[in-house]
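**Student:** Give me the fold of what follows.
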Amino acid sequence: MHRFANPGRFLRLAHRLQPWLVTATVIAFAAGLYYALFHSPADYQQGETVRIMYIHVPAAWMALFAYCTIAFASACALIWRHPLADVAAEAASPLGAGFTLIALVSGSLWGKPMWGTYWVWDARLTSFLLLFFLYLGHIALSQAFDDRQRGRRAAAILALVGAINVPIIKFSVDWWNTLHQPASIMRMGGPAIDPSMLVPLLLMAAAFQLFFFAALIARMKAELLSARLRTAMFNRLRAGTTGTAG
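**Tutor:** This next block holds a predicted model:
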C-alpha cells in the first residue's frame, strides 16, 4: 500500500488507469442495460416492474461496498497515517451517499406496486436510511473544521463507529421479519434467480462497480491537484510577502 502513498506516484497511476476504467464502465452499462431491457423476461408475478431490480440491487450493493471502503480507508488513516487514505474516504463518501439515495428511491418505487406502499419501517429499510444519514454525517464532519485534518479525523471515527450498521443491513432479513425477501444470489446452494435475470443483474453490478472506481479516482485526482494548487498559491503569497517586507 505504501508504494502508492506518494501522491505523485498515485496521480501517474490514476492517469493511466482512468481512461480504461471509463471505457469499461460505458461498455458494462451498455451491455447491462441492453440485456436488462430487451433480453430479460418480465416476472410472472411482478411483470415489467421487476426491471427496477437492475438499478435497485446494484445500487444497494454499492452503497454497502462504498461504506466498507470508507471504513477501511479511515482505519488506514487513523492507524497507519496513510497519506492518501483520508483523501480516498472523503472522495468515496458522496458516491456512497448517491448510491444509497438511488437504492432508497428505486426501492420505494418498486415497493409501491409490490407491497402497496412506498415505505415501511422494517429493519432493512430503517437501517438503510440510517446508512444514508451516516454518509451525510461523514460528509458534513469532514468539512466542519477549519483544520482539515481535524475534520477528517472526526469523520474517520464516525465511519468506523457506523460500520456496525453494515452487517445489520446485510443480515436484517434473517434476524427479523421484514418485507424484503431473503438473499437470493449470495447464499448457500447457489443463486435462486434464473440465469436470464442473473446475467443482466451481474452486468449492471459490474457497471456500478466500475463507475465507482472511475469516479473515485477522478475525485481523488481533483482533490490532490487542488491541494497542490493551494500549496503553490500559499508559497507564492508567502514569498511575495517576504519580498515586500525585505
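
**Student:** low-confidence ranges in the protein?
**Tutor:** For the chain, the stretches with pLDDT under 70 are 1-5, 182-192, 231, 234-235, 240-246.

**Student:** need the helices for it, in chain order.
**Tutor:** 7-34, 53-80, 85-115, 123-142, 148-162, 165-175, 195-245 (DSSP state H).

**Student:** Report the contact partners of Ala215.
**Tutor:** Counting by CB atoms under 8 Å, 6 or more residues apart in numbering, Ala215 touches Leu95. All C-beta spots, glycine's among them, are computed from the backbone N, C-alpha and C.

**Student:** ah, wrong one, I meant Ala77
**Tutor:** Contacts of Ala77 (CB under 8 Å, 6+ apart): Ala85, Asp86, Ala89, Arg152, Arg153, Ala156.

**Student:** How many neighbouring residues does the first one have?
**Tutor:** Burial measure for Ala85: 23 neighbouring residues, criterion other CB atoms under 10 Å.

**Student:** okay but it is in contact with Ala73, surely?
**Tutor:** Yes: in terms of CB atoms under 8 Å, Ala85 counts as a neighbour of Ala73; the distance is 4.5 Å.

**Student:** Just the closest of the contacts of Ala77 to Ala59, please.
**Tutor:** Closest approach to Ala59 among the contacts of Ala77 (CB to CB): Ala89, at 20.1 Å.

**Student:** Burial check on Phe72, number of neighbours?
**Tutor:** 17.

**Student:** As CSV, the contacts of Ala77 with distance to Leu134 would be great.
**Tutor:** Below are those laid out as CSV (distance: CB to CB, whole Å):
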residue, distance to Leu134
Ala85, 18
Asp86, 17
Ala89, 13
Arg152, 16
Arg153, 17
Ala156, 13
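
**Student:** Most neighbours out of the residues you listed, which is it?
**Tutor:** Highest neighbour count within the contacts of Ala77: Ala156, with 26 neighbours (other CB under 10 Å).

**Student:** any idea what sits nearest that one, other than its immediate chain neighbours?
**Tutor:** Distances taken as CB to CB, 6 or more residues apart in numbering place Ser74 nearest to Ala156, at 3.6 Å, with adjacent residues excluded.

**Student:** gap between the spatially closest residue to Tyr67 that is not a sequence neighbour and His138?
**Tutor:** Nearest residue to Tyr67, sequence neighbours excluded (CB to CB, 6+ apart): Gly96, at 5.5 Å. Using CB to CB, to the nearest Å, Gly96 is found at 8 Å from His138.

**Student:** again, but for Glu48
**Tutor:** Glu48 is 37 Å from His138, by CB to CB.

**Student:** before we move on, what about Arg16?
**Tutor:** 29 Å.

**Student:** likewise Trp175?
**Tutor:** 25 Å.

**Student:** So for those two, which residue has more residues nearby?
**Tutor:** Using other CB under 10 Å, the more surrounded residue of Trp175 and His138 is His138, with 27 against 11.

**Student:** For that one, give me its contacts.
**Tutor:** Contacts of His138 (CB under 8 Å, 6+ apart): Ile70, Ala89, Ser93, Ala155, Leu158, Ala159, Gly162.

**Student:** swap in Tyr135?
**Tutor:** Applying CB under 8 Å, 6+ apart, the residues contacting Tyr135 are Tyr67, Ser93, Pro94, Gly96, Ala97, Thr100.

**Student:** same thing but 7 Å
**Tutor:** Tyr135 makes contacts with Ser93, Gly96, Ala97, Thr100, as judged by CB atoms under 7 Å, 6 or more residues apart in numbering.

**Student:** Pick out the most distant pair among those.
**Tutor:** Farthest pair in those (CB to CB) is Ser93 and Thr100. Separation: 10.6 Å.

**Student:** returning to what we had before: among the contacts of Ala77, which one lies nearest to Leu179?
**Tutor:** Ala89 (32.8 Å).
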